[in-house]
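> Okay, structure incoming, though there's no sequence with it:
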């Protein structure tokens, strides 16, 4: 029995690794059962055993991405307090490094996959809602410290998240026009506008 | 000769129509030569005559979309002046109607297609650059009228466009959480923060 469990976990890790590599190279557009099978040196038939449909594979890939994102090592366990916490959280998401450009590409690519399927969209919506809630807590802390003007912290968080997601899209489409300094300056200008 | 020209134009219109319908129903993920051919009641072979590769089809679809967007009737030829012009331009893009939700879905879906191909990404980048420049002119007019604080109008425009693109993504993933009133309130709060 334990042996079977071990086999299952090992296979799962193998599949995750193959999904990550396919996404990194081809994005969601290139995520097919055939591509993942090829990456594993397995048959498509074996893969359909795990993922009866393309949809199951995409749902799994979104989970893998989420895991990868949340388990990624951060600059520091504590990202700062108040407005500094808001800034740290958002600066960490921006595509300011080659690695972050690559992972953000996969996320932008995942929106297309998610929008085509109500269930996948719901999962994605929940992820972004959690992210807004985390941001909201930072905004509330910043308001308590008098660093951000009074007002609905949930709306401030929604606006901040909008700003960062849209900035990511523009950066990815035109990386040269948005070097890291410009991205951070745009973020800082936005944050400055929140001060009382 | 004129007859051939007419045939060519008619066929082009037929192809555009089929591409639009496929995009509206399936998004970029479902845009294949086979799907467009089926929509036209033609053979895939005929389509490959026009589009030797999937890439050519995607490039064409982005053009069709752009044409569709710019030729769409606007509420008024003059969208207002100064800050009102900024607001009109951005409010017009937001997914506040079912029709606009559908067309924005296709645009978000097109980012994935564009990011996988440097040439397509360049075309898309140029479109967003033009849009930022148009926004910048409105911001400059608003600054001249004293409605927007002094500062680099190009950066204000880039930030505004980021905000709107990211808001669109969040709305599409969770339409019920972002009714039109909330979208417009978020936009108005942002615009208010630009005042001197």
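Sure thing, it's come through. Treat the numbers as computed from the prediction; the structure is a model and nothing was measured. Numbers count the residues shown, from 1 in each chain, chains lettered A, B, ... in the order given.
> how far out from the middle of the chain is stretch A:127-136?
12 Å (C-alpha atoms, centre = their mean, to the nearest Å).
> Also stretch A:178-187?
19 Å.
> Buried residues in it, which are they?
In terms of neighbour count (16 or more other C-beta atoms under 10 Å in any protein chain shown), stretch A:178-187 has its buried residues at A:178, A:183, A:186-187. Using the backbone N, CA and C atoms, a C-beta is placed for each residue, glycine as well.
> same thing with stretch A:143-154?
A:143, A:147-148, A:153.
> before we move on, what about stretch A:107-120?
A:107-117, A:120.
> Kindly report the same for stretch A:133-140.
Buried residues in stretch A:133-140 (16+ other C-beta under 10 Å): A:135-136, A:138-140.
> Tell me how far residue A:164 lies from residue A:171.
Per C-beta to C-beta, to the nearest Å, residue A:164 is found 10 Å from residue A:171.
> that older thread, kindly indicate which of the buried residues of stretch A:143-154 lies nearest chain B.
Of all the buried residues of stretch A:143-154, the one sitting nearest chain B is residue A:148; the distance, using C-beta to the nearest C-beta, is 11.5 Å.
> My guess is that closest one contacts residue A:139. True?
Yes. Here residue A:148 reaches residue A:139: they are 5.9 Å apart, a contact under C-beta atoms under 8 Å.
> and the nearest residue to residue A:131 once chain neighbours are set aside, what helix or strand is that in?
Closest residue to residue A:131 apart from its sequence neighbours, by C-beta to C-beta, 6 or more residues apart in numbering or on different chains: residue A:161 at 6.4 Å. Secondary structure assignment for residue A:161, by DSSP states H and E: helix A:153-173.
> got the contact list for residue A:168?
A:93-95, A:104, A:107-108, B:166 (C-beta atoms under 8 Å, 6 or more residues apart in numbering or on different chains).
> What ranges in chain A fall below the confidence cut-off?
A:1-6, A:69-79 (pLDDT under 70).
> which residues in it form helices?
Along chain A, counting by DSSP state H, helices occupy A:2-26, A:33-40, A:44-50, A:54-71, A:82-93, A:98-115, A:118-144, A:153-173, A:180-192.
> count of neighbours near the residue nearest to residue A:90 when sequence neighbours are not counted?
Leaving aside its sequence neighbours, residue A:90 sits nearest to residue A:164 (C-beta to C-beta, 6+ apart; 5.1 Å). Residues contacting residue A:164 under the criterion other C-beta atoms under 10 Å in any protein chain shown number 23.
> show me what contacts residue A:164?
Here residue A:164 is in contact with A:90, A:93-94, A:187, B:162, B:166 (C-beta under 8 Å, 6+ apart).
> For the residues you listed, which single residue is the most surrounded?
For these, neighbours tallied by other C-beta under 10 Å; top is residue B:162, 26 neighbours.
> if I read this right, that residue contacts residue A:166, doesn't it?
Yes. With contact defined as C-beta under 8 Å, residue B:162 reaches residue A:166; the gap is 3.7 Å.
> Redo the buried residues of stretch A:107-120 as JSON lines? Include distance to chain B.
Compiled in JSON lines, the buried residues of stretch A:107-120 are given as follows (distance: C-beta to the nearest C-beta, whole Å):
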{"residue": "A:107", "distance to chain B": "10"}
{"residue": "A:108", "distance to chain B": "5"}
{"residue": "A:109", "distance to chain B": "4"}
{"residue": "A:110", "distance to chain B": "8"}
{"residue": "A:111", "distance to chain B": "5"}
{"residue": "A:112", "distance to chain B": "4"}
{"residue": "A:113", "distance to chain B": "7"}
{"residue": "A:114", "distance to chain B": "7"}
{"residue": "A:115", "distance to chain B": "6"}
{"residue": "A:116", "distance to chain B": "6"}
{"residue": "A:117", "distance to chain B": "10"}
{"residue": "A:120", "distance to chain B": "10"}
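> How about the contacts made by the residue nearest to residue A:129 when sequence neighbours are not counted?
Nearest residue to residue A:129 in three dimensions, chain neighbours excluded: residue B:174, at 7.1 Å (C-beta to C-beta, 6+ apart). Residues in contact with residue B:174, defined by C-beta under 8 Å, 6+ apart, are A:121, A:125, A:128-129.
> one step back: the helix holding residue A:161: how far from the chain's middle?
That offset, for helix A:153-173, works out to 13 Å (C-alpha atoms, centre = their mean).
> Next, the angle helix A:180-192 makes with it.
Calculated by axes from the mean of the first three to the mean of the last three C-alpha atoms, to 10 degrees, helix A:153-173 forms an angle of 160 degrees with helix A:180-192.
> Enumerate the positions of helix A:153-173 that are buried.
For helix A:153-173, by 16+ other C-beta under 10 Å, it's A:153, A:155-173.
> Also stretch A:124-132?
Applying 16+ other C-beta under 10 Å to stretch A:124-132 flags A:124-125, A:127-129, A:131-132 as buried.
> Quick check: of those, which lies closest to residue B:14?
Looking at the buried residues of stretch A:124-132 and their distance to residue B:14, the nearest is residue A:124, at 35.6 Å (C-beta to C-beta).
> What sits closest to that closest one if chain neighbours are left out?
Residue A:124's closest residue in space is residue A:114 (C-beta to C-beta, 6+ apart), at 4.2 Å.
> ok, residue A:109 - contacts?
A:23, A:27-29, B:111-112, B:115-116.
> Please repeat the previous calculation with a cut-off of 7 Å.
By C-beta atoms under 7 Å, 6 or more residues apart in numbering or on different chains, the residues touching residue A:109 are A:27-29, B:112, B:115.
> how does chain A divide up, domain by domain?
What the record gives for chain A is the domain set A:2-70, A:73-192, from automatic domain parsing.
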